[in-house]
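Asks: next come a sequence and a model predicted from it.
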Amino acid sequence: MPDPQDGMLIVKRVVAVGGDMVGISDGVLEVDGRAVDEPYADRSLENGVYYGPYPVPDGRLFLLGDHRAVSVDSREFGPVPATDVVGTVDVRVWPRPGSLDEPAG
């Protein structure tokens with residue numbers, strides 16, 4: 001999808017859709033009051049982080065980057081229209097999943 005700030009294409013994870021209540025409680029993503037298992041997100045970098053809960057409007061998506069400590073995502077620019085999504089990521093070649101060179105995102 002295009003970044004709402006500068007129009008460049010960005011890749012983010014959709015964590016909630018219209019009608020969901022999304023929040024972060026001590027670094028743990030919660031959707032509709034239930035903790036979400038996110039093995040790809042390093043919760044140790046998010047200890048003490050709280051956000052929301054925030055209702056996602058119908059027709060919109062709430063996006064988060066996997067590297068939450070430095071990600072610019074829906075916590076900053078808000079939920080985005082579902083129609084702004086231009087594709088999905090099916091395979092990541094580089095950096096290798098689990099490598100120390102994880103991208104900020």
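Replies: Right, received. Where do you want to start? Numbers count the residues shown, from 1 in each chain.
Asks: correct me if wrong: E38 contacts L29.
Replies: Yes: using CB atoms under 8 Å, E38 is in contact with L29, at 5.9 Å. Just so you know, the C-beta spots here come from the backbone N, C-alpha and C atoms, and that holds for glycine as well.
Asks: name the residue in the two with the higher neighbour count.
Replies: Between E38 and L29, counted using other CB atoms under 10 Å, the more crowded position is L29 (24 against 16).
Asks: got the contact list for the more buried one?
Replies: With contact set as CB atoms under 8 Å, 6 or more residues apart in numbering, L29 has these partners: V15, V22, G23, A35, V36, E38, A41, L64.
Asks: the fourth one touches V28, doesn't it?
Replies: Yes: the pair A35 / V28 is scored as a contact, 5.2 Å apart, by CB under 8 Å.
Asks: neighbour-wise, which of the two wins?
Replies: Set A35 next to V28 and count neighbours by other CB under 10 Å: V28 wins out with 17 against 10.
Asks: and the more buried one, what is it in contact with?
Replies: Counting by CB under 8 Å, 6+ apart, V28 touches A35, V36, R43.
Asks: can you give me the helices for the protein?
Replies: 74-77 (DSSP state H).
Asks: okay, now V85: neighbour count?
Replies: Neighbours of V85 (other CB under 10 Å): 14.
Asks: right, and it touches L61 too?
Replies: Yes: assessed by CB under 8 Å, V85 is found in contact with L61 at 6.9 Å.
Asks: coming back round to it: could you single out the nearest of the contacts of V28 to P79?
Replies: V36 (16.4 Å; CB to CB).
Asks: mind listing what the residue nearest the centre of the chain touches?
Replies: Centroid-nearest residue in the chain, with CA atoms, centre = their mean: L64, separated by 1.0 Å. Shown in contact with L64 (CB under 8 Å, 6+ apart): K12, R13, V15, L29, A41, S71, D73, S74, R75.
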